[in-house]
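# Got a predicted structure here, sequence first:
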Amino acid sequence: MIEEKRKLEFIHEFLDTVEQKGIATGSRQTPFLQEVLPYISLEEEPTLIYFAKRDSDIQINGYLYSEETNTLNLYVVDYEPLFVKDILPGVNMTTIKKVATKAKRFFTQVDMIMKIADRSMDFFDLAKLIIGKRSEIDEINIFVVTSKFYLANKPIELSIPGIETVNVHVWDMDRVYKLSEAEQGIRDFELQFESQYNKTFQLMHVPNSTGKEMIDCYIGAMPAELLAKLYDDWGPKLVERNVRSFLQARGGTNKGIRDTLKNTQQRELFVAYNNGISSVAKSGDISQIGDSNLYEIKSLKSWQIVNGGQTTASIHQAYKNGIDLDGVYVQAKLTILNAGKEVNNENIDRHDMEDQLIAKISEYANTQNKINKSDLLANTRFMSDIEKQSRSTWIPTFDNRKEESKWYFERARGQYMVDISRRSKGKEQTAFKKMFPKENVITKVEMAKYFMSWEGYPHVSSKGGEEAFKRFMDLNSQYWKQSLTTNEDGDVTRPIQFINNDFYKELIARRLINVYVTNIVDSMKLKGYRANVIYYTVAMLSHLYRDRINLNEVWNKQGLPDEWKDVVRIIAANSLNYLRESAGEQNVTQWAKKQECWDGFIKESATVLGAMI
């Protein structure tokens, strides 16, 4: 009941944010998809579009195409804000499949759709891409993004003629909620293998010659049936630290796992075929067997699978389908984090040490499934310092009243809503929202996109928040990692620098400029490529007038003065025309992600725009 109450509070806050944005834009589906995308956190963000044809039950809300892998991602939204107040809104497998089929029909009926499309329509590029690349596309991923809870979590099977692999990924509010909870810190829990499952397993201890005892590492194999039962009982809680883990057994790799387990002659070879799992735990009941290097694992505290989430889900699926797992073993590595111990006579903060170690273990263990830098670097001192500045810096007022609100930097996804839920309903939550209004929440990837656009990298912002964040961290590496410099005395370690309040204010100023440009672009009702136009307009504004726009003044006034309106209008209109015309036969959104596109915009338009304004 407590968990259900937390989920209800979460979804109310989440959808309230969507509704507020929807009032401003007149749309609900796009703001909802925008709010969920940071949780999906792919390497590149999809292009957001909207097409719906009710009489033929077709709908599409976004797409992303990878030329390297010939993979097309299609996004379709199922949004329903109205539900019974105290009951979690649920959705069943039939409805999810029906929504996924809407996206499938866009692909299969694209020739009909193309007949009603023209270049000004935002779905034109997708239709053109499908027609041009149809014979090359090997895999289609349909992302169903729903505002309900898909608690059954059953895999959705779809096929598309001519496409080898079709995957349906369901992103429901339960999944978003769990990711949000995971980023706020893992609650301790105990796994009693011996007493609860009547099963233990043995691993070999890896000798530690450093004497620091930061970790204890064990390697070996564990029974696949035990792993399946653990996942059946504890579910996604076991993979909360595996931030890129898809909880459904999908895709070619997972199909291979299932096929191996089904084949009685192949089953014993599973341990040879599969890379197994990499896991961490805080502690456990682990005892040495005689004088050997073998140890019996009887229980573990807060056990987390940081690599191997898909392997685990596939084994669990086989177990649920009645496949005999007796005699099947999974290669396993277990790292015990000796947090709280003294290391080199220095007391290390337990949680900080855990986060840093797990981040590194996750990054290095996940060579097949990339971990996003924004997830791994959320706990750097740089991010924490920005968070601290946002909690202590008041927004200036203009009518002699006392300052009463602040910006809220969201270092971890869902942090704002978790902060609200920690406070009592009523006066305490109201006071918090007054101090940190929803419209003043800024995420780390949003901040990175605003920064990169103003600094002259609109092509990087166009790639999405993840790429922008990586480049943002690279450009500001002096604030979070040490580096070596060479002088006449040899190599010298450059210390990490601290950010100051002015640095923080200038970060927010870039966001204020972006919002100023966004509002003007929206008022112009330009058709197509909205995000790219905004990034390129901000970048060109900076390129032409950086010496006249003081970021500290933007902070003090909380925006740009109206005198820049006409300037922004001219640049925005020129940006759209340039992107369309310079792309030629290329997909415009893909063209906007290239350095050559920005270089060409400067070469062709900067002089003209400077002279016109």
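Thanks, I have the structure now. Numbering: from 1, shown residues only.
# For the stretch 301-450 of the chain, just list every one of the strands.
For the stretch 301-450 of the chain, the strands defined by DSSP state E, counting those that start in this stretch cover 304-307, 329-337, 342-343, 346-347, 408-410, 441-443.
# Span of stretch 299-309 from start to end?
Taking CA to CA, to the nearest Å, stretch 299-309 runs 20 Å from one end to the other.
# where's the spatially most central residue of the chain relative to residue 450, distance?
Here the mean C-alpha position of the chain is nearest to the C-alpha of residue 41 (CA atoms, centre = their mean), at a distance of 2.4 Å. Residue 41 sits at a distance of 18 Å from residue 450 (criterion: CB to CB, to the nearest Å). Bear in mind the C-beta positions are built from the backbone N, C-alpha and C, glycine included.
# related to what we said a few turns ago, could I get the phi/psi values of the residue nearest to the centre of the chain?
With angles defined as degrees, to the nearest 10, residue 41 shows backbone torsions of phi 40, psi 60.
# swap in the one 5 residues further on?
Its backbone dihedrals place residue 46 at phi -70, psi 160, with angles given as degrees, to the nearest 10.
# My guess is it contacts residue 64. True?
Yes. Here residue 46 lies in contact with residue 64, judged by CB atoms under 8 Å, at a distance of 4.0 Å.
# shared neighbours of those two, anything?
Residues touching both residue 46 and residue 64 (CB atoms under 8 Å, 6 or more residues apart in numbering): residue 73.
# so where do the helices sit in the stretch 151-300 of the chain?
Using DSSP state H, counting those that start in this stretch, the helices assigned to the stretch 151-300 of the chain run over residues 173-183, 193-197, 224-234, 251-262, 270-273.
# Deepest-packed of the ones you listed, please.
When the helices of the stretch 151-300 of the chain are scored by mean count of other CB atoms under 10 Å, the highest mean neighbour count falls to helix 173-183 (a mean of 21).
# same for it, what does it pack against?
Packed against helix 173-183 by the contact rule (3 or more CB pairs under 8 Å, 6 or more residues apart in numbering; DSSP states H and E) you find helix 2-25, helix 29-40, helix 415-421.
# Next, format those helices as CSV and append mean pLDDT.
Written out in CSV, the entries for those read as follows (pLDDT from 0 to 100):
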stretch, mean pLDDT
helix 2-25, 83
helix 29-40, 91
helix 415-421, 81
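# Distance to residue 405 added to those, as JSON lines?
Supplementary listing: the helices and strands packed on helix 173-183 in JSON lines, determined by distance: least, CB to CB, whole Å:
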{"stretch": "helix 2-25", "distance to residue 405": "16"}
{"stretch": "helix 29-40", "distance to residue 405": "22"}
{"stretch": "helix 415-421", "distance to residue 405": "14"}
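# mind putting the ones you listed in JSON lines, distance to residue 287 and mean neighbour count included?
Putting those into JSON lines (distance: least, CB to CB, whole Å; neighbours: other CB atoms under 10 Å) gives the following:
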{"stretch": "helix 2-25", "distance to residue 287": "34", "mean neighbour count": "15"}
{"stretch": "helix 29-40", "distance to residue 287": "40", "mean neighbour count": "20"}
{"stretch": "helix 415-421", "distance to residue 287": "38", "mean neighbour count": "20"}
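# mind checking which of those helices is nearest residue 273?
helix 29-40 (29.2 Å; CB to CB).
# Please name every helix or strand in contact with that closest one.
Using 3+ CB pairs under 8 Å, 6+ apart, the elements in contact with helix 29-40 are helix 2-25, strand 47-53, strand 58-66, strand 71-78, strand 139-146, strand 165-171, helix 173-183.
# at 7 Å what do you get?
Helices and strands touching helix 29-40, by 3 or more CB pairs under 7 Å, 6 or more residues apart in numbering; DSSP states H and E, are helix 2-25, strand 47-53, strand 58-66, strand 71-78, strand 139-146, helix 173-183.
# so what secondary structure elements neighbour the fourth one?
The reference is to strand 71-78. Packed against strand 71-78 by the contact rule (3+ CB pairs under 7 Å, 6+ apart) you find helix 29-40, strand 58-66, helix 93-108, strand 139-146.
# make it 6 Å
With contacts defined as 3 or more CB pairs under 6 Å, 6 or more residues apart in numbering; DSSP states H and E, strand 71-78 has these neighbours: strand 58-66, helix 93-108, strand 139-146.
# Could you look over the ones you listed and pick the most buried one?
Of all those, strand 139-146 carries the top mean neighbour count, a mean of 24, counting by mean count of other CB under 10 Å.
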